[in-house]
Structure formats: structure tokens, C-alpha cells
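# sequence and predicted model, in that order:
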Amino acid sequence: MGLDDDAREYHREPPAGKIAIETTKPTNTQRDLSLAYSPGVAAPCRDIDDDPTAAFEYTAKGNLVGVVSNGSAVLGLGDIGAQASKPVMEGKGVLFKRFADIDVFDIELDISDPDAFVESVAAMEPTFGGINLEDIKAPECFEIENRLGERMDIPVFHDDQHGTAIISGAALLNAADITGKPLDELDIVFSGAGASAIATAEFYVSLGVDHDNITMCDSSGIITTDRDDLNEYKQRFARDVPDGDLADAMDGADVFVGLSVGGIVSQEMVRSMADNPIIFAMANPDPEIDYESAKAAREDDVIVATGRSDYPNMVNNVLGFPFIFRGALDVRATDINEAMKRAAAEALAELARKDVPDEVVKAYGDQPLQFGPDYVIPKPLDPRVLFEVAPAVAEAAMDSGCARTEIDDLDTYAEQLEARLGKSREMMRIVLNKAKSDPKRVALAEGTDEKMIRAAYQLDEEGIADPVLLGDEAEIRQTADSLGLAFEPEVVDPSGRELDAYADQLYELRRRKGITRSEAAELIEGDTNYLGSVMVESGDADAMLTGLTHHYPSALRAPLQVIGTADDANYAAGVYLLAFKNRVVFCADTTVNQHPDADVLAEVTKHTAELARSFNVEPRAAMLSYSNFGSVRNEATATIREAVSRLHGDGAVDFPVDGEMQADTAVVEDILSDTYDFAQLDAPANVLIFPNLESGNIGYKLLQRLGGAAAIGPMLVGMDKPVHVLQRGDEVKDIVNLAGVAVVDAQDSG
């Protein structure tokens, strides 16, 4: 099937459409329904009647946006009417929810008269926290937005006007910086004079572009003061210059901004522009000049952006409206003003200069993404846009006086936004904040790997740890330079310095384990796992990470031989934190002990509970089996019962633990409380101890993949000093997360 048929099937598949309503409070009992509706609902109604602002406290108003259209200018489809526009408006709702966790009602009004449209939308103010106007033709859209903005006490935003302006404005800030051209000296030509073009030109002026340096062209040519066919909006950009066409306007220009139709710009027109030109060809689906042709026309001195996802520098409105509304809603703004729009553009521009997460790189086919001519704006799927742009918008709203509530701590607010992206981010933020309070030296054994270098940059930049990269210094610094990472990493190069003391220490530790002095020196010089382990053991590093390019057992060998387990531990174990929407669980052992006996299971349980507390989670441990409290009796279940018995008899265990029990018994409250009310767990377990390595590894992967959980780990517990072994192929964020865990481990043990 073609794309059109695929799209029809996508929308038609039951349930039809793309959005639905879900309840956010319990509705399981008669009492629940009495609270949700009659008679309980009367109490909040009376409170709102007394104080209308209480609606933000008692209802969904504060997180609800109305996407409103009459279908008069839909995408590239034109005036298709209100009902035919509904799939687009539903799609807009999907984007609001997906990227900023904002709920949407889509409202399609079969109204063409601006007066009637304004009256209808204004009457809906009690319902919404904000209004997103969509796909309304010009020039009516200008009047509608202005009148609603003046009349309504909630933000009104016409994305077709301002979205492209803000996103391309961010691209312009970076492109001008790369080319070394001041904004107020740019000679800018616009192709198109509709709502989006006029709003974009006006926004560029607010960013610092000289109004007199903007030349706007419509289908009749350059908009000059001599023309008598201009509406009031085009007249704002009429220039006292000779008549001409687009080719005349582009001759010598620094910037071309296309918001018109495809294929109207030739390579010759591009070649006529000034040195280092900037081309934003944003007509969709076909740009004014395609990416390849524009690049070929000027070889290497042109920056090109389009509205297409299959080329670099995609100008996509989804980078703007969800996050702008998020910030506006969270301070109960009365408007989305120019200061808030500028703040969004500046935050996007700044984000494009930062290292790009692996998850974003993978989402775009593993193509290189690094600040420069082919990357002047972030990608739409970059999760950081939420907690970079929304706080900037919220702060601008507060500073400009249109916020009704204040956010006292923007850093905390950014963390709350990050938590909207998933429970795992919330859990890691707890640990990373602890790490930042007292950073420790973390040795990164595979220091020449690009991911390790990028992780070291983030750890240093965010103050999470003091990273030490182990490996060839020249290679590490060359890679850091090629990645554009502006930092001077600390490097320990085993081939470039005298490491006799480390070799002596390794020899002392392993001389009765079959290692000679010369072999110890070879291991220190040739295997950074041994070098890092000895650095940690000697106190020259506080923690160590390895495993990115090694099999787990081989990566673990050196730390176990050199550092070993803690005084109160005989065994190490691997633990994964799995974060679901509303709960987290710690799964052990998932990486180390193949056939644990009762001693191992009991010890692993204690260390996993300690780990849970480092994440501010009070542990409740379940020892898992296919048996429930003796329902099956054999050697395997007896081992688990013995482990539970030892834990119950150990005065040092200050958390509830029980078993053996089946997995559903452990995590379903009704089963646990109704059938096994004698169990020591007073709530579902959050520490799951598997009976062996095979079941643990299978179990956590099934939970992760089928349950949609985000995984953090594997975290190594039971070691004498902080060491964590990554999984081969882990991403930069995994390295940073485990380094944060290692720093907190070092803080607790120091």
C-alpha cells in the first residue's frame, strides 16, 4: 500500500481517530462515583463559584488546550472545511500530548465569518487554559487572533503564524553565528507574504533584524511602496525600491526565507546571493529549491533548511507549540507575548549547540548530529526540548508580567518537566542531584570510545562527576575535538606515563594468584580494566565504569580480582531498576550469579534493598518462585524458603521481605492482601529477587519490553568500592546514569 492508504488504515483502525478521553481518578466503587459526580461534585462547584481561579485547582482546565479551526487553510489542502480538517486537529492533539503531556479538545467550527468565529471561541474560555488557533486563512487569521487575544484572559496562539517564525528564528540565530554575520546587517528576502511569512518577518525584527533590510515578494513580485494592491499586513513590509521579481530580490541577499510554493528558486538565483548565504526553503511538501540543488549551487558555503524530515535542518513547528504552551500553562499566563516567543527561539538555538543524545541520533538513522551548517536547530524527537524551552518560556512570562502564578525554582521546575517524560527520569534525577552535591572521581576504563568521551563531557559539564578517561591521550583529545566538545578531559594514558606503583600494587594483590611482576605491568599497560580497578583500590579514583566494549564476565573479572566484594558481602550481583508509569521495581540478580544458594539470595536481597534506598525508595522485597508459600515443595523452593528464613532471623534487616511467592502475588495488591493476608508485605513488592540468573535475565527483559518499562542498569551491588559494568552498546545517557549511581555509592561509602 502507498502512504495514503496506510494513513487511511491508521486512522480507520478501531477505535477510529487518534485521541480519546481517560479518567485520572479512581472510578471503581460507588463512593468513587459519588465523589466524581453527584453529590460530591457540588463542593468544588461552590468553591469555583466563590473564586473562579479555583477551577485551576479542581479541574483539568490548567492542562487543557483547545485546538480550534474552521478548516479554511489546511496544510497544503486549502479550504476543505471544518469537518475535513478534524484529522489534522486530532493530530495536533497527539503532538501536544506526546511532546508536552498537554491534553487537548479539538474544536472544528463550521464558521467562516470572523465575528461569529471570535464570539464562539471567546465563549469557551471557561473550558480551557489556552487556545491554539489552527489552519485559518489569511488575512482573517490576523484579525481573529488579535481580537481573541485582547478579549480572552488565557493564551491565544495561532501556530501557523508564529510556529514557523519561532523555529526558523532559532535557526537564523545559529546560522548567523556560524557565518559570522550580525543580525542587524542581514539582507533578508522573503518569498511569500501570507500569515506565516508576515509573522516570521516581524519576529525576525524582534530578534534584532533591521526592518529596512527585509524584502518581501508575493506572486506579483517585490512588495514596493508603489503597489496599490496590498492589504494592511503586506503594507508593513512595502519598500521604496524598484519593482522586480524574486530573482532581482535575491541578488546579493544574505538570507532567503521561502514560505510560498515549491520549485520557484533556481541554482542561478542561489549563486547570485552574497557569500555564505542562508536558505530557508520551507514550502511543503516541495521546497522552493530542494536541498541537494541548493547545496550544489554553492558548494560548501551555504546553510540550507527545509520543512522536510529527510534532510538536515528541518523547520518543524512541533519544536515550538507544545513547549511554549507547557511553559505558559504552568504559570497560568494570560498571553503568549513576544518575550515568550523570543525566549523559546533562544532556548532552541542554545540547545542545538549541545551534545546530542544517542536516542535522538538513533531515531534519525544514526546520521551525525553536531552543531554546524547541517545542524542549526534541534530535532523534534529530542526529549530535552521540553525541559529547556518550557522553563525559558515560563521565566519570560513571569519577567514580562503576564504570569498569574510564580515558579520559585526553575531548576526544580525543569526536573518536574523531565519527570513527565517517564518515571525513570524522575528516579535518576534524584540520584544525579545527590551526585552533584559532592562529585567524585570516576575512572572510565574505555576512555577512547566516543560514547565514553561524550559521557565524560556531560558528567563534567553538569557537575555530576570528575571523569578520568583511561586510554591513549592523543586519540582521546582528537576525538573530543572532532566532536566539538569544549572541555579538557583528565586522561590517564598507560603508555605515556610511569605506572610502576600501580603494577606493584597489582602484583601485591595477585602474586599468590599466579601473576608475576612483569605480567602485572603488562596488565596495567595493556588492559584499562586492571588500570582502573587499581586506581580505585588505591584511592586515586573513587569509582569505575567499564563494559561498554567487553562481554560482561570479562569486564567484571578485573574489578572482582582487584577490588573484590565488601566486608559485609561475599557476592556481587547485578540489579536493574525498571520504571513504569506509576511504579518502580528493582530486579535482582540479572547479570552475575547463575545458581544462587540461600546465602547468595539472602545477601543479594539486602544489597538490593540498600540500592533502592539510594533512590529514595523504601524497599519491600519478594523472593520469587513458581510456588506460593509452600504450595510446591522441592529443592528449588526450599532454597528460597531458607533464604527468607535467614532474612527474617537477621536483626539487620529492617524492611519487609517474604516468599517464596509467584510474580503476580508479589505485585498485585488484591492477591497479596486477600489470599495471603499473613504475608509480611503490606503493599506490592518493589524489590523482586529472582531464583536464578536465567529467570532474572528473562524476567527483567520481558518486563522492560512488554511492560513498556524504562530500564536503569545493570547496577553492581556488593562490591567493596563503587564499580559498575555497562552492557555492551549502552548509550551515553546510560553511562552518565551509572556514573551518577557510582558517585552516590562513593559518597555513601566515603
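Great, that's in hand. Residues are numbered from 1 along each chain as shown.
# quick one: low-confidence parts of the chain?
Residues of the chain that meet the criterion pLDDT under 70 lie in 1, 365-366, 650-652, 750.
# where is the longest helix in it?
In terms of residue count, the longest helix belonging to the chain (DSSP state H) is helix 159-179.
# next helix or strand past that one?
Counting by DSSP states H and E, the element after helix 159-179 in chain order, helix or strand, is strand 188-191.
# mind listing the strands that following strand pairs with, and their directions?
Using DSSP bridges, the strands paired with strand 188-191 in its sheet are strand 214-218 (parallel), strand 255-258 (parallel).
# what does that strand contact?
197, 200-201, 204, 209, 213-217, 237, 246, 249-250, 253-260, 264-265, 288 (C-beta atoms under 8 Å, 6 or more residues apart in numbering). All C-beta spots, glycine's among them, are computed from the backbone N, C-alpha and C.
# can you get me the centre-to-centre distance for it and its chain?
Centroid displacement of strand 188-191 relative to its chain, using C-alpha atoms, centre = their mean, to the nearest Å, is 34 Å.
# same question for stretch 204-216.
Relative to where its chain is centred, stretch 204-216 has its mean C-alpha point 33 Å off (C-alpha atoms, centre = their mean).
# check which residues of it are buried.
Tyr204, Val205, Leu207, Val209, Asn213, Ile214, Thr215, Met216 (16 or more other C-beta atoms under 10 Å).
# closest one to Ala598 out of those residues, please.
Nearest to Ala598 among the buried residues of stretch 204-216 is Leu207, at 67.9 Å by C-beta to C-beta.
# and the closest one, how far from Ala396?
14 Å (C-beta to C-beta, to the nearest Å).
# list residues touching both of those two?
Here Leu207 and Ala396 have Arg342 as joint contacts, going by C-beta under 8 Å, 6+ apart.
# ok, back up a step: buried residues, the longest helix of the chain. List them.
159-176, 179.
# same thing with stretch 525-536?
So stretch 525-536, judged by 16+ other C-beta under 10 Å, has buried residues Asp527, Thr528, Asn529, Tyr530, Leu531, Gly532, Ser533, Val534, Met535, Val536.
# not counting sequence-adjacent ones, nearest residue to Ala396?
With sequence-adjacent residues excluded and distances taken as C-beta to C-beta, 6 or more residues apart in numbering, Ala396 is closest to Ala343, at 3.7 Å.
# what's the burial count for the one you found?
When neighbours are counted by other C-beta atoms under 10 Å, Ala343 registers 24.
# residue contacts, it?
Neighbours of Ala343 in contact, by C-beta under 8 Å, 6+ apart: Ala392, Val393, Glu395, Ala396.
# format those residues as CSV; extra columns: neighbour count, distance to Gln594 and secondary structure.
Listed next are the contacts of Ala343 as CSV, based on neighbours: other C-beta atoms under 10 Å; distance: C-beta to C-beta, whole Å; DSSP: H, G, I helix; E, B strand; the rest coil:
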residue, neighbour count, distance to Gln594, secondary structure
Ala392, 25, 51, helix
Val393, 28, 52, helix
Glu395, 20, 53, helix
Ala396, 27, 57, helix
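# and the furthest pair within the buried residues of stretch 525-536?
Asp527 and Val536 (14.5 Å).
# alpha carbons only: can I get the helix or strand containing Cys45 in CSV?
Secondary structure from DSSP H and E places Cys45 in helix 42-50. Output in CSV follows, covering the C-alpha atoms of helix 42-50 (Å, rounded to 0.1, in the frame of the first residue of the first chain):
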residue,chain,number,x,y,z
ALA,A,42,-21.2,20.1,44.3
ALA,A,43,-18.4,21.1,46.8
PRO,A,44,-15.8,22.1,44.2
CYS,A,45,-18.5,23.8,42.1
ARG,A,46,-19.4,26.0,45.0
ASP,A,47,-15.7,26.8,45.6
ILE,A,48,-15.3,27.8,42.0
ASP,A,49,-18.4,30.0,42.1
ASP,A,50,-16.8,31.8,45.0
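# Ala636: which of the buried residues of stretch 204-216 is nearest?
Proximity of the buried residues of stretch 204-216 to Ala636 (C-beta to C-beta) peaks at Leu207, which lies at 68.3 Å.
# please name the nearest non-neighbouring residue to that closest one.
Leaving aside its chain neighbours, Leu207 sits nearest to Gly169 (5.5 Å; criterion: C-beta to C-beta, 6+ apart).
# any idea how far the one you found lies from Asp159?
Distance, Gly169 to Asp159, using C-beta to C-beta: 14 Å.
# now do the contacts for the closest residue to His607 other than its chain neighbours.
Setting aside the residues directly before and after it, His607 is nearest to Val717 in space (C-beta to C-beta, 6+ apart), at 3.9 Å. For Val717, the contact set (C-beta under 8 Å, 6+ apart) comprises Ala572, Ala573, Gly574, Val575, Ala588, Val604, His607, Thr608, Glu610, Leu611.
# if you set the cut-off to 7 Å instead, what comes out?
Ala572, Ala573, Val575, His607, Thr608, Leu611 (C-beta atoms under 7 Å, 6 or more residues apart in numbering).
# then Leu556?
If a contact means C-beta under 7 Å, 6+ apart, then Leu556 has Val725 as its contacts.
# so which helix or strand takes in the closest residue to Gly729 other than its chain neighbours?
Excluding the flanking residues, the one nearest Gly729 by C-beta to C-beta, 6+ apart is Leu548, at 7.6 Å. Using DSSP H and E, Leu548 maps to neither a helix nor a strand.
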